[in-house]
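Undergrad: have a look at this prediction, sequence included:
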Amino acid sequence: MTTTSTAVDRRSGRGKRGLTKATIHGVLFLYTLVALVPIALIVMNSFKTRRAIFDSPFTFPNSETFSLKGYETVWERANFVRYFANSITVTVVAVALVILLGAAAAYALAEYRFTGNTFLTLFLAIGVMIPIRLGTVSILKLMVSLHLVNTLVALILVYTAMGIPLAVFILAQFFRQVPKDLKDAARIDGAGEYRVFFLSLPLVRPGLAAVAVFTMLPVWNDLWFPLILAPGESTKTVTLGVQVFLGQFVSDWQSVLAALTLAAIPILLLYVVFSKQMLSGITEGAIK
Amino acid sequence: MTTTSTKTDVVRGTSTRRWRFPGYVAVFLGPALIIYTMFMVYPLLDSLRLSLFSDEGAFVGLANFRELLPGGSLSSSFWNALGNNFVFFAFHFLVQNPVGLFLAVLLTQHLLKRGRGTYRTLIFSPTVLSVVIVGFIWQLILSPLWGVVSTPLLGLTSTALPTLSLMSVWQFVGIPMMFFYAVLVGIPQDLIEAARVDGASGWTIFWRIIFPLLLPMLGIISIITYIANLNAFDLIYSVQGALAGPEFSTDIMGTLFYRSFFGFQLQAGSTAMGATVATAMFIVILLGVLVYLFGWAKRVETYEL
């Protein structure tokens, strides 16, 4: 990374008008390679024979070196379908709860003036700054007493609690920008406060998208809480399942590469499909 | 918060000024507040409380914290982990921010007419992966067995921590890139043009006009990174295990917290020490936030564009 930057400085210093178009493309292309080659190397080699992985790691699989043995081992030895189902359940339910509950709370804080508004805003703001992991000791105790250890419900509750503060923070900013006239018009037409809320929701869609992104990735990718609250075979998420599988099969490179590819590809595909919404969500969130 | 004051009249039908908490406000706020309080606020406060008690439940005051100070049983591990954690953060601060900013500046160049979205999307892609996957990807690539790199960078005490830090930087550089990008595209073009007409060079424009406008965002990114780094665990645990080898050279607060709470090998797990380490992490994070709020945010000027 350092080499690319010095290369640019040198070249830009030489040119009279600073960066040229070709330099910009060149540097960005190089950095794109830095970002993608490691991932590509894993995916590519997961389809090769053990020998080919070691002999020629940088070539694409061909008819001679093609092998799916790693995937077969993963299929036989790990319950990936279950892991994926668990991850999807936890992520979808947690994100839905964060959006619904977060939006309702944000709407109330942005829309109404009531006793304790400022206090509650600050109370929720604390959660944006303090990582929930610091409360792990008590979260585990709490889950033990609620008999929720090794259930997906435990993960959903923790992730919902974790996502709410930032969701409220971001969505409150969005709700403040919804024109007052619109809401009052609905009220004059006889809409109740709940109806006005649901009418306002579509107007803050960019905010909801930002919240979905900010909530989804940390939940899907988390290792800490699955490891501590739900390490059982039936409740393992993809992230924990992969971590455990890779730990056991360290020396079986074909299987390790296959497991990594299986875990990475779905989220990368999802990202490619939704990247526009995701990146604009991040930009929106950053500016708020 | 300022806008809420203008919305007093919205609370309809409440002509009395005393009752200002109508039922529907409770319905809107209730569920979020209950889950947040029960599963986040209460555990955080309870952890702080538990750090003052022994495992048997007896109040011991600050005795647990004495274990973290010189002479205490966890002292060497604690200060080692804290030091390593600051090194981990320093790598992010000193490498991730400049590289992210550099990429963002390139992406916002007007000469770049096409491909902006594609570069952005591709460069950001490692960020969406799980830290576990990224850790293993690099572990394989850096493994001397594979032969792409011959030095066992992750196996030497001198190189393991910098290597892990750079792996994390590689993954997350897209975040400062996107955040800086968001600010850069918001800078009015007139401002830059005016400076150019006055004869300012590209370099001058960057350091005198653009950079000061980026400083508030640099602060925000840095404090987010600081909190995330002090909270990091997944990467080290996946690549080096809970013992954060070799010889604890990659031990950070997250892995120390895990070991003190659950125990590992000969070291017995302890609720009290887990809570104590968590409280210490809380204090370190709080100090960082205070430095940010009073040392940075107060001094850096934010310009309204």
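TA: That came through fine.
Undergrad: okay, CA-based contacts and neighbour counts for the rest of this
TA: Fine.
Undergrad: which residues does the host helix or strand of residue B:26 contact?
TA: Residue B:26 belongs to helix B:23-36 when assigned by DSSP states H and E. Residues outside helix B:23-36 that contact it (C-alpha atoms under 8 Å, 6 or more residues apart in numbering or on different chains): A:101-102, A:104-108, A:112, A:157, A:160-162, A:164-165, A:193-194.
Undergrad: could you redo the last one with a cut-off of 6 Å?
TA: The contact list for helix B:23-36 (C-alpha atoms under 6 Å, 6 or more residues apart in numbering or on different chains) reads A:101, A:104, A:105, A:108, A:161.
Undergrad: relative to the whole chain's centre, how far out is it?
TA: The chain centre lies 29 Å from the centre of helix B:23-36; the measure is C-alpha atoms, centre = their mean, to the nearest Å.
Undergrad: what does the stretch 51-200 of chain B put close to chain A?
TA: B:111, B:123, B:130, B:146, B:179, B:182 (C-alpha under 6 Å from any C-alpha of the partner chain).
Undergrad: restricted to helices, list those.
TA: Under the assignment DSSP state H, those contribute B:123, B:179, B:182 to helices.
Undergrad: low-confidence ranges, the stretch 151-288 of chain A, go.
TA: A:285-288 (pLDDT under 70).
Undergrad: now do the helix or strand containing residue B:285, average pLDDT.
TA: For residue B:285, the element it lies in under DSSP H and E is helix B:271-290. Regarding helix B:271-290, the rounded mean pLDDT is 94.
Undergrad: what does that helix contact?
TA: Outside helix B:271-290, the residues within contact range by C-alpha under 6 Å, 6+ apart are A:134, B:47, B:48, B:50, B:51, B:54, B:55, B:257, B:260, B:261.
Undergrad: check contacts around the third one.
TA: Applying C-alpha under 6 Å, 6+ apart, one finds that residue B:48 lies in contact with residue B:279.
Undergrad: per-residue confidence at it?
TA: Predicted confidence (pLDDT) for residue B:48: 94.
Undergrad: what's the angle from the helix or strand containing it to helix B:23-36?
TA: Under the criterion of DSSP H and E, residue B:48 resides in helix B:42-50. Computed by axes from the mean of the first three to the mean of the last three C-alpha atoms, to 10 degrees, the angle separating helix B:42-50 from helix B:23-36 equals 50 degrees.
Undergrad: avg pLDDT for the next helix or strand after helix B:42-50?
TA: Remark: after helix B:42-50, the chain's next helix or strand is helix B:63-66, criterion DSSP H and E. Average pLDDT, helix B:63-66: 92.
Undergrad: could I get the buried residue list for helix B:63-66?
TA: Residues B:64, B:65 are the ones in helix B:63-66 that count as buried (16 or more other C-alpha atoms under 10 Å in any protein chain shown).
Undergrad: enumerate the residues of chain A near chain B.
TA: Within reach of chain B by C-alpha under 6 Å from any C-alpha, chain A has these residues: A:21, A:32, A:35, A:54, A:101, A:104-105, A:108, A:110, A:113-115, A:134-135, A:138-139, A:158, A:161, A:221, A:223, A:283, A:286.
Undergrad: filter those down to the buried ones, ChimeraX style.
TA: Command for ChimeraX that selects the buried part of the residues of chain A next to chain B, burial taken from 16+ other C-alpha under 10 Å:
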select /A:32,35,54,101,104,105,108,110,113,114,134,135,138,139,158,161,221,223,283,286
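Undergrad: which helix or strand contains the residue nearest the centre of chain B?
TA: Computing the C-alpha centroid of chain B and ranking residues by C-alpha atoms, centre = their mean puts residue B:228 first, at 2.3 Å. Using DSSP H and E, residue B:228 sits in helix B:211-230.
Undergrad: may I see the buried residues of that helix?
TA: Buried positions in helix B:211-230, judged by neighbour count with 16+ other C-alpha under 10 Å: B:212-223, B:225-230.
Undergrad: how many residues are close by residue A:148?
TA: Look at residue A:148: counted by other C-alpha atoms under 10 Å in any protein chain shown, it has 16 neighbours.
Undergrad: so which strand or helix has the closest residue to residue A:183 other than its chain neighbours?
TA: Among residues not flanking residue A:183 along the chain, residue A:196 sits closest, at 6.2 Å (C-alpha to C-alpha, 6 or more residues apart in numbering or on different chains). Using DSSP H and E, residue A:196 maps to helix A:193-200.
Undergrad: what is the helix or strand following the helix holding residue B:228 packed up against?
TA: Proceeding N to C from helix B:211-230, the next assigned helix or strand is helix B:234-240, under DSSP H and E. With contacts taken as 3 or more C-alpha pairs under 6 Å, 6 or more residues apart in numbering or on different chains; DSSP states H and E, helix B:234-240 sits against helix B:131-142.
Undergrad: for the helix it packs on, C-alpha coordinates in CSV please.
TA: Output of helix B:131-142 as CSV, limited to C-alpha atoms (Å, rounded to 0.1, in the frame of the first residue of the first chain):
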residue,chain,number,x,y,z
VAL,B,131,-13.5,-10.8,10.5
VAL,B,132,-13.2,-14.6,11.0
ILE,B,133,-13.1,-15.1,7.2
VAL,B,134,-10.6,-12.4,6.7
GLY,B,135,-8.4,-13.7,9.4
PHE,B,136,-8.3,-17.2,7.8
ILE,B,137,-7.9,-15.9,4.3
TRP,B,138,-4.7,-14.1,5.4
GLN,B,139,-3.6,-16.9,7.6
LEU,B,140,-3.6,-19.2,4.6
ILE,B,141,-1.9,-16.7,2.3
LEU,B,142,0.8,-15.9,4.8
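Undergrad: run through who's touching it.
TA: Contact with helix B:131-142 is made by B:149, B:235, B:238, B:239, as judged by C-alpha under 6 Å, 6+ apart.
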